[in-house]
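Visitor: Need a 3D model of the following:
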Amino acid sequence: MRKTGKRTEGEEGNRSSFYKIGVDVGGTFTDVSLLGERDGVFVVHKVPSTPDDPSKAIMRGIVEILQMQGISPDRISYLAHGTTVATNAIIEQKGGKVGLLTTKGFRDLLEIGRQTRPRLYDLQLDYPPPLVPRDLRLEVAERLRHTGEVAIPLDEEAVKNQLRKLKENAVDAVVICLLYSYLNPSHEARIRELVREHMADVYISASHEVLPEFREYERLSTTILNAFLMPVMDTYLLNFEREVERIGIHASPRINQCNGGIMSVGTARKFPIRTALSGPSAGVIGANFIGDAIDRQNLITFDMGGTSTDVCLLEEGVSPMSNDRWVGGYPAKIPSVDVNAVGAGGGSIAWVDLDGLMKVGPRSAGASPGPVCYDLGGTEPTVTDANVVLGRLNPEYLLGGRMSINKSKAESSLRRLGEGLGVPFIETAHGVIRIVTANMVKAIRAISIERGYDPKEFSLIAFGGAGPLHAVGVARELEISEVVIPPNPGILCAVGLLVADARNDYVKTSLMDTDGADIDRINEIFGQLEDQARKWLSDEGFDESAQGIFRSVDMRYVGQNFELPIEVPPGSLETSDIEGLISRFYGEHERNYGHYTRGEPTQLVNFRVTAQGTIPKLRMKRDHQGEQSAPPPVAHREVYFDDMSAVPTPIYDRNQLLPGSRITGPAVIEQMDSTTLVFPGDTARIEEALNVIIAIA
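Guide: Numbers count the residues shown, from 1 in each chain. Prediction:
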């Protein structure tokens, strides 16, 4: 555990102040951060994750951090939690038993899907099995036209007959997804009432509530995923609330979403799909918070943990959003921070393929048994083992001494791997690092160079337990000149939960050519969505001064199959505003595809409104101390950098580094939650808010 010693502006030293807690669950460790609202105390803590029941590690971490600080649980005013339960349930196929009611003739849409493959040239790749078996996909007589008008009225008796079948099969949740219900939800709403009348105890997931948007396959898949998760997440969240209350915390917990916002437990229970893939978004929010503090608006976030690396590009402090994701092999149309993930983490296993080539990942040793050096039963060499052998990681202990390291076992595992390749174990360790670096560089190129951005114009902000250890190597490959290491990089996702605003997204599809667009209809749609957004913000407890409403519209050329989001100004729109939307669409089309065609007919497709409830942000006091020499190193050890010769390297304790300190590499900076590697010739500077800024030579 580490106390930063920072204090908030306007500090009064009030010992009765309230505190905020953020908890992020990772594959290897569960991170807890605690922040005092008035006394400015900022403390972090890590405990090993418990994959069999994540709540065990969460409650242990909360209890321990409160005990260590002598803080009573009833002083906690805010608790935010990032959970991996939903993602894991989908990947492991451990959700509820789901039944489906859909328009007659469309029961097989779930398996027909789209005629595309995630990996085009993998002829052996199979789609995962459908989450609803065919005998539980039942049809009902009804039909809406593409305008939303009723073509065939709903046959309620037929619905009741189908409900009896689902009841006999003891389903946990019922999905209702009808054709064109995003235009007219009346049939779905009536079926929902019938389900509640005849199957009072089941969970209900209706597409007009989960995703009122066109493209029937993605809408169906997303609504099914939501229903599949409902029994699991409902049980988990209720137990979490009870455990929080049991230990004496009275604040209502909030849950992280994949769109980078937070929501109440009640909203999460109704829409659990929004928590899937939510973990990386908290890190992006935390990185943006750090960027604001040090006046860095253009950032590439580099979050390297135990099992994966997540990267995201922030331009002018704005994180890009994506509405199309895949979770466990299933499409999910959910607004989410556009993070690119690759299976490269500290626990990624090095192995030799059938062609005799060394590969690293995506398989990971995870929390159990973990890397070989943890001495917990792992036998296959990992990235962490390579770092220990190269002297980059402390060869004796991690987590401030709470986890012992067995360097000899790490060396033995890499020797065995090297013998199969015919190379010395040090060269093998270098090879592991080079391969995992190449994998991560490729992931960053995908979000930068492939989208028209030059990574040299961005700072790399590195976090996660392993991010600062690999950041300089990644930056050199991309010719990035500056690396930023936050004060507590290993728990930045937990910090992100403390500063994340509440957020909810609303959408309505209404295809409309811009030539002759119905401006009254556009204003009506935005008005309806804004009313829903304000109601949600009020229900979440935000007064009017903390409410924000943001609008956008998805646009495309007529005949295109994909849209681009275009910002829409607030207020009532006039016909003349359509030209402004078209002009912005041209700019986005050119940036994404390298060209645009002026005068070609364009369309408005999806109208979107984002509701944002602003959480008060505490500004950390910046300590102006001027430039000063670094404290003496706490130790020295031999460290391998880019070649086969070890370099005598000073080891610094980050807790002792004060604002203004400068360190010229080679150097290793150790702290409880991470290790920072400074290459020979590079310079590390401690800025006023205790971030480490590394200038690449």
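Visitor: sec struct for the most centrally placed residue in the chain, please.
Guide: Centroid-nearest residue in the chain, with CA atoms, centre = their mean: Pro280, separated by 2.4 Å. Per DSSP: H, G, I helix; E, B strand; the rest coil, the local secondary structure of Pro280 is helix.
Visitor: Contacts only, for it.
Guide: When contacts are counted by CB atoms under 8 Å, 6 or more residues apart in numbering, Pro280 touches Asp303, Asp310, Cys312, Val337, Val339, Ala341, Cys493. C-beta here means a position set from N, CA and C on the backbone, and glycine is covered the same way.
Visitor: of the residues you listed, closest to Ala635?
Guide: When those are ranked by distance to Ala635 (CB to CB), Asp303 comes first, at 28.2 Å.
Visitor: For the closest one, list each beta-bridge partner.
Guide: Assessed by DSSP bridges, Asp303 has beta-bridge partners Asp310, Phe463.
Visitor: what about it, distance to Val339?
Guide: According to CB to CB, to the nearest Å, Asp303 and Val339 sit 8 Å apart.
Visitor: Please say which of those two ends up with more neighbours.
Guide: Remark: of Asp303 and Val339, Asp303 carries more neighbours, 29 against 25, as counted by other CB atoms under 10 Å.
Visitor: where does the stretch 1-150 of the chain have low pLDDT?
Guide: Scanning the stretch 1-150 of the chain with the threshold set as pLDDT under 70 gives 1-17, 27-28, 117-118.
Visitor: Tell me which stretches of it form helices.
Guide: 54-69, 85-91, 109-112 (DSSP state H, counting those that start in this stretch).
Visitor: tell me the most buried of the ones you listed?
Guide: Using mean count of other CB atoms under 10 Å, the stretch among the helices of the stretch 1-150 of the chain with the largest mean neighbour count is helix 85-91, at a mean of 21.
Visitor: so what does that helix touch, helix or strand wise?
Guide: With contacts taken as 3 or more CB pairs under 8 Å, 6 or more residues apart in numbering; DSSP states H and E, helix 85-91 sits against helix 216-246, strand 325-327.
Visitor: Return the distance of it from the chain's centre.
Guide: 14 Å (CA atoms, centre = their mean, to the nearest Å).
Visitor: Same check on stretch 298-312?
Guide: Using CA atoms, centre = their mean, the offset of stretch 298-312 from its chain centre is 10 Å.
Visitor: before we move on, what about stretch 378-388?
Guide: Chain-centre distance of stretch 378-388: 26 Å, with CA atoms, centre = their mean.
Visitor: send the alpha carbons of it over as CSV?
Guide: C-alpha atoms of stretch 378-388 as CSV (Å, rounded to 0.1, in the frame of the first residue of the first chain):
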residue,chain,number,x,y,z
GLY,A,378,3.2,-22.3,-12.5
THR,A,379,5.6,-24.1,-14.8
GLU,A,380,5.4,-22.3,-18.2
PRO,A,381,7.6,-19.1,-18.6
THR,A,382,5.8,-15.8,-18.9
VAL,A,383,6.6,-12.2,-19.6
THR,A,384,7.0,-11.6,-15.9
ASP,A,385,9.5,-14.4,-15.6
ALA,A,386,11.5,-12.8,-18.5
ASN,A,387,11.5,-9.5,-16.7
VAL,A,388,12.7,-11.1,-13.5
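Visitor: For Glu563, grab the count of nearby residues.
Guide: 17.
Visitor: need the contact list for it.
Guide: Glu563 neighbours (CB under 8 Å, 6+ apart): Asp554, Met555, Arg556, Val605, Asn606.
Visitor: ok, so what distance separates Val423 from Glu563?
Guide: 50 Å.
Visitor: again but with Leu537, I slipped
Guide: Distance, Leu537 to Glu563, by CB to CB: 26 Å.
Visitor: of all the helices and strands packed on helix 85-91, which gets the most neighbours per residue?
Guide: Highest mean neighbour count among the helices and strands packed on helix 85-91 (mean count of other CB under 10 Å): helix 216-246, with a mean of 21.
Visitor: out of the contacts of Pro280, which one sits closest to Leu511?
Guide: Distances from Leu511 to those, taken by CB to CB, are shortest for Val337, at 27.2 Å.
Visitor: Near the closest residue to Glu482 other than its chain neighbours, how many residues? Count them for me, please.
Guide: Among residues not flanking Glu482 along the chain, Ser459 sits closest, at 4.5 Å (CB to CB, 6 or more residues apart in numbering). When neighbours are counted by other CB under 10 Å, Ser459 registers 22.
Visitor: Report pLDDT for Ser459.
Guide: Per-residue confidence (pLDDT) for Ser459: 97.
Visitor: Give me the average confidence score over stretch 509-526.
Guide: pLDDT averaged over stretch 509-526 gives 95.
Visitor: looking at the helices of the stretch 1-150 of the chain, which is closest to Thr267?
Guide: Closest to Thr267 of the helices of the stretch 1-150 of the chain is helix 85-91 (CB to CB; 13.5 Å).
Visitor: Please list the outside residues in contact with the closest one.
Guide: By CB under 8 Å, 6+ apart, helix 85-91 touches 51, 54, 94-95, 225, 228-229, 232-233, 236, 272-273, 275-279, 327-328, 330.
Visitor: just stretch 568-585 next, same as before
Guide: For stretch 568-585, the external contacting residues (CB under 8 Å, 6+ apart) are 514, 517, 519, 522-523, 526, 549, 551-553, 555, 564, 566-567, 596, 602, 604.
Visitor: Filter these down to the ones in strands?
Guide: Cross-referencing these against strands under DSSP state E gives Ile549, Arg551, Ser552, Val553, Met555, Leu564, Ile566, Glu567, Thr602, Leu604.
Visitor: just curious, which of those residues is nearest to Ile694?
Guide: Closest to Ile694, out of all of these and judged by CB to CB, is Glu567, at 34.7 Å.
Visitor: Could I get the contacting residues of Asn394?
Guide: Applying CB under 8 Å, 6+ apart to Asn394 gives the contacts Val388, Ile405, Ile651, Glu670, Thr675.
Visitor: looking at this, the first one is in a helix?
Guide: It stands for Val388. Yes - counting by three-state DSSP, Val388 is found in a helix.
Visitor: That one contacts Ser404, correct?
Guide: No - using CB atoms under 8 Å, Val388 is not in contact with Ser404; the gap is 11.7 Å.
Visitor: Look at those two and report which has more neighbours.
Guide: Taking neighbours as other CB under 10 Å, Val388 and Ser404 compare with Val388 leading, 27 against 12.
Visitor: Tell me how many other residues surround the residue lying closest to Gly279 once chain neighbours are set aside.
Guide: Spatial nearest neighbour of Gly279, excluding adjacent residues (CB to CB, 6+ apart): Gly82 at 5.4 Å. For Gly82, the count of nearby residues is 27 (other CB under 10 Å).
Visitor: from memory Gly82 sits against Val25, does it?
Guide: Yes - counting by CB under 8 Å, Val25 is a contact partner of Gly82 at 6.4 Å.
Visitor: overlap in contacts of these two?
Guide: Counting by CB under 8 Å, 6+ apart, the common neighbours of Gly82 and Val25 are Gly279.
Visitor: sec struct for Gly599, please.
Guide: Put simply, Gly599 is coil when judged by three-state DSSP.
Visitor: Based on its surroundings, how many neighbours for it?
Guide: By the measure other CB under 10 Å, the count of residues near Gly599 is 6.
Visitor: With Ile290 instead?
Guide: Ile290 has 24 neighbouring residues, counting by other CB under 10 Å.
Visitor: So what does it have for phi and psi?
Guide: Phi and psi for Ile290, reported as degrees, to the nearest 10, are phi -60, psi -40.
Visitor: for Asn488, same thing?
Guide: phi -130, psi 70.
Visitor: ok, for it, nearest residue in space, not its chain neighbours?
Guide: In space, Asn488 is closest to Val44, 4.8 Å off (CB to CB, 6+ apart).
Visitor: which residues touch that neighbour?
Guide: Contact analysis of Val44 by CB under 8 Å, 6+ apart lists 1-2, 31-34, 488, 490-491, 494-495, 672-673.
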